[in-house]
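> sharing a model prediction with you, sequence too.
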Amino acid sequence: MSILTRYLSFHILKNILSVLMLLTVVFSIFSVLAELEIVKGTDGIKLIPIFWLLEILLLGYTLIPFAVLIGSVLGLSSFVSTNQLLIMQISGFNARYRMNSIILVGITIFAISFVLGEFIVPVVKKFKAEIQLSIGETRDFTLTDKGFWARSHNIFFKVDTLQSNHTVIDVELYEFNNEMELLSILTADSGTHNGLAWVFEGVNVLTFKPEYSKKKYDSSFEKKLTIGPDIMEMIVHEQKDQSIFALLAYLNLAKITGQTSDDLYFNIFQKVGLWIDIFVLLVLSHFVVRASLGRFSSSKNIITAVCVGFGYFMIGKVLNQAGLVFSLPSVLVAFMPSMLLIIMIYIFKNRPN
């Protein structure tokens, strides 16, 4: 790899990381200010710095695509405005060297994104939820007003509320035979998982077959189920915040239990789409900034990049909603932003000088 390629790559990477840091700090301040409004007690105030750190990590991952485009355009614009890029082109810095630079920067940003998204964000997201409960937010992990449903073979598990400490509230357990005839209904006020089985409190069991009976348990009632709290949390927490490894593991389990969904496939495809977009956005930045144009304006290029970046996020949100409304294929919705960015590359590539 040539010295010029390394020099350009380092300059672009430095600008991308600078923009990412600036955007992350600014947006995290607004998140902390919003959280301060609901803080209760001195213990909650003490947790605010930790909350800020966690918010920085989460926002850093979310803002990577935006920072890639803005930072890359900013770096290339500074090269053009000082005639460095023009001199490099005269010295033989052709498209092949540019592609090498895109690959080098893209791999570096991909590595950062992969570490953040697959190892740090899933842990930070759960820790942040626990901190929010500690500083005063009265919310837990309820999926819908009708509760959370899961299935394990012929057992249907309904939970109204899933709390952060592997505790479930208001449980209903329906057990069927192979002919899907109802055998029993178990209701419980609460339950916790001890690592091996669920331990329920306030249990009532209504049995229909082989004999009808009704029994109330004053002591704890233990029952082993293949559905554990980790699987529940994977569904209740936003799946986009789970690692690709966790999503694939859940996909295997979902196939066994017959609970696969378009949302699960969408979140897997969306992660892959994000990694692809890193490279596509880098390519786009090189076509946004061109040294051969008769009139060059750094501010115009940066404004263009900001508009494209916001459009990227907005279109992604709109497509998510459109996919739900019109039942579009998950792979189409997940990769549509990438395809639109490729169209933008074609437009900028063929714009008149």
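Arrived safely. Residues are numbered from 1 along each chain as shown.

> and the residue lying closest to residue 270 once chain neighbours are set aside, how far from residue 85?
Nearest non-adjacent residue to residue 270, counting by Cβ to Cβ, 6 or more residues apart in numbering: residue 334, 4.6 Å away. Heads up, the C-betas are built off the backbone N, CA and C, glycines and all. As judged by Cβ to Cβ, to the nearest Å, residue 334 and residue 85 stand 34 Å apart.

> work out for me the element residue 59 sits within.
For residue 59, the host element (DSSP states H and E) is helix 41-62.

> what segments of this structure are helices?
For the chain, helices defined by DSSP state H occupy the ranges 3-36, 41-62, 64-81, 84-90, 95-115, 121-134, 229-236, 244-257, 262-288, 298-326, 330-349.

> who's in contact with the fifth one?
Among residues not part of helix 95-115, those counted as contacts by Cβ atoms under 8 Å, 6 or more residues apart in numbering are 1-2, 4-6, 8-9, 12-13, 16, 61, 64, 68, 72, 274-275, 278-279, 282-283, 286.

> was I right about residue 280 contacting residue 342?
Yes: applying Cβ atoms under 8 Å, one finds residue 280 in contact with residue 342, separated by 6.4 Å.

> same drill for these two, tell me which one is more crowded.
residue 280 (24 against 14; other Cβ atoms under 10 Å).

> per-residue confidence for that one?
You'll see residue 280 listed with a pLDDT of 96.

> same check on residue 3?
Looking at residue 3, its pLDDT stands at 83.

> separation between it and residue 102?
In terms of Cβ to Cβ, residue 3 sits 17 Å off from residue 102.

> the more surrounded of these two?
Set side by side, residue 3 and residue 102 show more neighbours around residue 102, with 23 against 7, by other Cβ under 10 Å.

> can you flag the buried ones in the contacts of helix 95-115?
The neighbour-count criterion (16 or more other Cβ atoms under 10 Å) marks 4-5, 8-9, 12-13, 16, 61, 64, 68, 72, 274-275, 278-279, 282-283, 286 among the contacts of helix 95-115 as buried.

> output the below-cut-off pLDDT ranges for the stretch 1-150 of the chain.
1, 38, 40-41, 43-44, 132-147 (pLDDT under 70).

> likewise for the stretch 151-300 of the chain?
Checking the stretch 151-300 of the chain against pLDDT under 70 turns up 162-165, 229-241, 257-261, 291-296.

> mind listing what's buried in stretch 320-332?
Buried residues in stretch 320-332 (16+ other Cβ under 10 Å): 320, 323, 328, 330-331.

> for residue 212, find the nearest of the helices of the chain.
Nearest to residue 212, of all those, is helix 244-257, at 29.0 Å by Cβ to Cβ.

> please save the CA atoms from the closest one in CSV.
Only the C-alpha atoms of helix 244-257 are listed here, as CSV (Å, rounded to 0.1, in the frame of the first residue of the first chain):
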residue,chain,number,x,y,z
ILE,A,244,-25.6,-11.1,15.5
PHE,A,245,-24.5,-14.2,17.5
ALA,A,246,-27.5,-13.9,19.8
LEU,A,247,-29.9,-13.3,17.0
LEU,A,248,-28.6,-16.3,15.1
ALA,A,249,-28.8,-18.5,18.2
TYR,A,250,-32.4,-17.3,18.8
LEU,A,251,-33.2,-18.0,15.1
ASN,A,252,-32.1,-21.6,15.6
LEU,A,253,-34.3,-21.9,18.6
ALA,A,254,-37.2,-20.2,16.9
LYS,A,255,-37.0,-22.6,14.0
ILE,A,256,-37.2,-25.5,16.5
THR,A,257,-40.2,-24.1,18.3
